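Undergrad: Coordinates for the following, if possible.
(one chain, ligands or ions: 1)
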Amino acid sequence: MSPSRLVIIGADAAGMSAAAQARRSRGPDDLDIVVLERSSHTSYSACGIPFWIGGEIASADDLVARTVQEHREKHHLDMRMRVEATAIDAAASTVAYRYVDSGRTGSLEYDQLMIATGAERITPSIPGVDATGVLGVRNLDDGGEMLAALERDPQHVVIVGGGYVGIEMAEALRGRGLRVTVATSGDQPMSNLDPDMGVLVARAMREAGVDVHVDARLTHVLTDAAGAARGITLQSRTGTTLELPADLVVLGLGVRPASGLAEAAGIAIGETGGIQTDASMRSRSHPNIWAAGDCVETIHRVSLAPTAIALGTHANKQGRVAGTNLGGGHATFPGVIGTAATRFRGLEIARTGLSEAQARLAGFATYSTRIESTTQAGYLPGAEAITVKLITDVASRRLLGAQIVGGTGSAKRIDVLATAIWNSMSVEAISEMDLSYAPPFGPVWDPVLIAARKAVDAVAARNT
Ligand SMILES: Cc1cc2nc3c(=O)[nH]c(=O)nc-3n(C[C@H](O)[C@H](O)[C@H](O)COP(=O)(O)OP(=O)(O)OC[C@H]3O[C@@H](n4cnc5c(N)ncnc54)[C@H](O)[C@@H]3O)c2cc1C
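TA: Model (predicted):
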């Protein structure tokens, strides 16, 4: 009997986690696994691209966890690189594809299909956006293009978008000695933090010589006679415009699920634009189609609303869940709480759960508290400032969200608070936790405990 066939579209975090996991329980005689990938790369860390651009990593090869050859030899995967899936016929169980280089087309039958197409960059429809010198940072090819552009010695770099990609790129490019401007349409950089925490990030960026413009929406990319970027125009909410010189424009305006292929095939898409799956990562509309990673929507465990948060942590876990089920086992994905961390030079930035605005939208009455402390015992020379903000549900005193901005040793403290939110802990319970202490790692009352204690007191005062 010939083996059944699993076709996977997309060969990065979600797709390759699924392939490796399915292969663990089903050998090549039992399951033929064909992977279609339109780029030249597989199993690469997009997360490492800013550090490659910044010169901390010497080569793109260092960002590749496993090569195409290794997948072929180790996991017996039929890797078809530079092959783009162009259509899914769910009724006939076939995928149409096209070789990117030759244009040759074909079609492949599947028993099970896994969609792991990731996310696509949000590109505004504005004049000049296609100009030479306007670049994104999504994959290794983008990284290579960026490095080539930097060799042309740009004088003014404008990064549009103040999310974590924008911030990491600002660090990378400023570190190369370039004049860098960051423009965000939000009130502060890092719009997944509350503005009173984002302002700390903006301050650090300005102190490092980055020009930060808030409430500044990109409306035009100005071009020269050769069609290359020479400037941009920004507009505030009140209509004030500002023109800035820019010979390199980095678009970091966020991403949306790359679900167009699935949508065209009639596969269920949710309100976030992501593919709808059940907890086993099986499509809600088609039992032999699976999906994982940035292209799907999942459940936010605090708001209980559908959400699409593009993070490698989710993509790897979801891929593993899908692969376990495709291999004949049983696994479920429990949802997300949006835990993420980033860095701008020495400043660590982290968040989990709901921000104030997200909590309001989800219908919670919240109480926010902020504390300032130090990352080590205050008497040590390496002690740096840390700010911890907690967002608490007034009614239940449950922690809904947390944000941390501070020096070395700050960001990973978010994991304690993420664990607390994951387990629906109250701020009282968090304040009583037995956390470690030694002077090089924190003050005797860890900032997490101080923050929880302040939230307990504040909520109690409010409720009396
Ligand atoms: C600059 C940057 C920094 C990041 N930093 C972090 C971080 O610090 N922490 C974190 O958790 N996450 C981070 N992320 C996000 C993380 O990289 C993504 O969430 C993760 O890569 C998603 O994995 P995925 O497999 O779902 O999608 P992708 O990695 O996007 O892979 C999808 C693959 O599908 C291929 N594909 C798409 N359509 C087709 C088609 N029709 N036919 C064939 N192939 C197709 C694409 O070429 C791509 O290789 C970062 C992302 C970027 C861009």
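Undergrad: For the stretch 51-200 of the chain, which residues are neighbours of the ligand?
TA: Residues of the stretch 51-200 of the chain found near the ligand (Cβ under 6 Å from any ligand atom) are 84-85, 116-119, 137-138, 165. From N, CA and C alone the C-beta is placed, and that goes for glycine too.
Undergrad: What is the nearest of the residues you listed to the ligand?
TA: Gly118 (2.3 Å; Cβ to the nearest ligand atom).
Undergrad: Would you map the helices across the stretch 1-150 of the chain?
TA: Taking DSSP state H, counting those that start in this stretch as the test, the helices found in the stretch 1-150 of the chain are 13-25, 49-53, 68-75, 140-151.
Undergrad: coming back round to it: of the residues of the stretch 51-200 of the chain next to the ligand, which belong to strands?
TA: Per DSSP state E, strands hold the following members of those: 84-85, 119.
Undergrad: Where does pLDDT dip in this structure?
TA: 463-464 (pLDDT under 70).
Undergrad: same thing but at 90, please
TA: Within the chain, the ranges that satisfy pLDDT under 90 run 1-3, 58, 138, 155, 459-464.
Undergrad: what about the longest helix in it?
TA: helix 447-463 (DSSP state H).
Undergrad: Please spell out which residues along that one are buried.
TA: Across helix 447-463, burial judged by 16 or more other Cβ atoms under 10 Å covers 447-456, 458-459.
Undergrad: What is the neighbour count of Arg301?
TA: 16 (other Cβ atoms under 10 Å).
Undergrad: Could you double-check that it sits in contact with Gly401?
TA: No: between Arg301 and Gly401 there is no contact under Cβ atoms under 8 Å: 11.8 Å.
Undergrad: Can you check which residues contact both of those two?
TA: Taking Cβ atoms under 8 Å, 6 or more residues apart in numbering as the contact rule, Arg301 and Gly401 both touch Ile421.
Undergrad: helix or strand for Arg203, which one?
TA: Using DSSP states H and E, Arg203 sits in helix 195-207.
Undergrad: Need the residues that contact that helix.
TA: 162, 167, 170, 182, 186-191, 193, 212, 214, 344-347, 349, 370, 387, 389, 403, 405.
Undergrad: and if you look at stretch 298-309?
TA: 256-257, 270-274, 276-277, 294, 296-297, 314, 318, 333-338, 340, 353-354, 358-359, 361-362, 400-401, 421-422.
Undergrad: I'd like to know how far the residue nearest the centre of the chain sits from Glu37.
TA: Taking Cα atoms, centre = their mean as the criterion, Leu311 is the residue nearest the geometric centre of the chain, at 3.5 Å. Distance, Leu311 to Glu37, using Cβ to Cβ, to the nearest Å: 21 Å.
Undergrad: go on, Ala85?
TA: Ala85 sits 9 Å away from Glu37, going by Cβ to Cβ.
Undergrad: which of those two has more neighbours?
TA: Comparing Ala85 with Glu37 by neighbour count (other Cβ under 10 Å), the higher total belongs to Glu37, at 25 against 22.
Undergrad: what's the burial count for the nearest residue to that one once chain neighbours are set aside?
TA: For Glu37, ignoring the flanking residues on the chain, the nearest one in space by Cβ to Cβ, 6 or more residues apart in numbering is Ala11 at 3.6 Å. Residues within reach of Ala11, counting by other Cβ under 10 Å, total 27.
Undergrad: In contact with Ala11, which residues?
TA: Contacts for Ala11 (Cβ under 8 Å, 6+ apart) come out as 35-37, 41-43, 71, 79, 81, 116.
Undergrad: Show me these that map onto strands.
TA: Reading strands off the contacts of Ala11 with DSSP E, I get 35-37, 79, 81.
Undergrad: Pretty sure Gly15 sits against Ile8.
TA: Yes: applying Cβ under 8 Å as the test, Gly15 and Ile8 come out as touching, 4.7 Å apart.
Undergrad: When the two are compared, which one has more neighbours?
TA: Taking other Cβ under 10 Å, Gly15 and Ile8 do not tie; Ile8 has more neighbours (33 against 29).
Undergrad: check contacts around the residue nearest to the centre of the chain.
TA: 294, 336, 338, 340.
Undergrad: ok, and the most crowded of these?
TA: Asp294 (28 neighbours).
Undergrad: Name all residues that make contact with that one.
TA: So Asp294 contacts 14, 118-119, 255, 257-258, 308, 310-311, 314-315 (Cβ under 8 Å, 6+ apart).
Undergrad: go with 6 Å
TA: 118-119, 310 (Cβ atoms under 6 Å, 6 or more residues apart in numbering).
Undergrad: Going by proximity to the ligand, name the top residue of the stretch 201-350 of the chain.
TA: Gly293 (2.1 Å).
Undergrad: any idea how far that residue lies from Gly239?
TA: Note on Gly293: its distance to Gly239, by Cβ to Cβ, is 39 Å.
Undergrad: Looking at the two, which one has more neighbours?
TA: Set Gly293 next to Gly239 and count neighbours by other Cβ under 10 Å: Gly293 wins out with 33 against 6.
Undergrad: Confirm that the more buried one sits in a helix.
TA: No: counting by DSSP: H, G, I helix; E, B strand; the rest coil, Gly293 is located in no helix; its state is coil.
Undergrad: So the residue lying closest to it once chain neighbours are set aside versus Asp111, what's the distance?
TA: The spatially closest residue to Gly293, leaving aside those adjacent along the chain, is Ala14, at 2.8 Å (Cβ to Cβ, 6+ apart). From Ala14 across to Asp111, the span is 19 Å (Cβ to Cβ).
Undergrad: Neighbour count: those two, which is higher?
TA: A direct count of neighbours by other Cβ under 10 Å for Ala14 and Asp111 places Ala14 higher, at 34 against 13.
Undergrad: for the more buried one, what are its contacts?
TA: Counting by Cβ under 6 Å, 6+ apart, Ala14 has contacts 116, 292-293, 315, 318-319.
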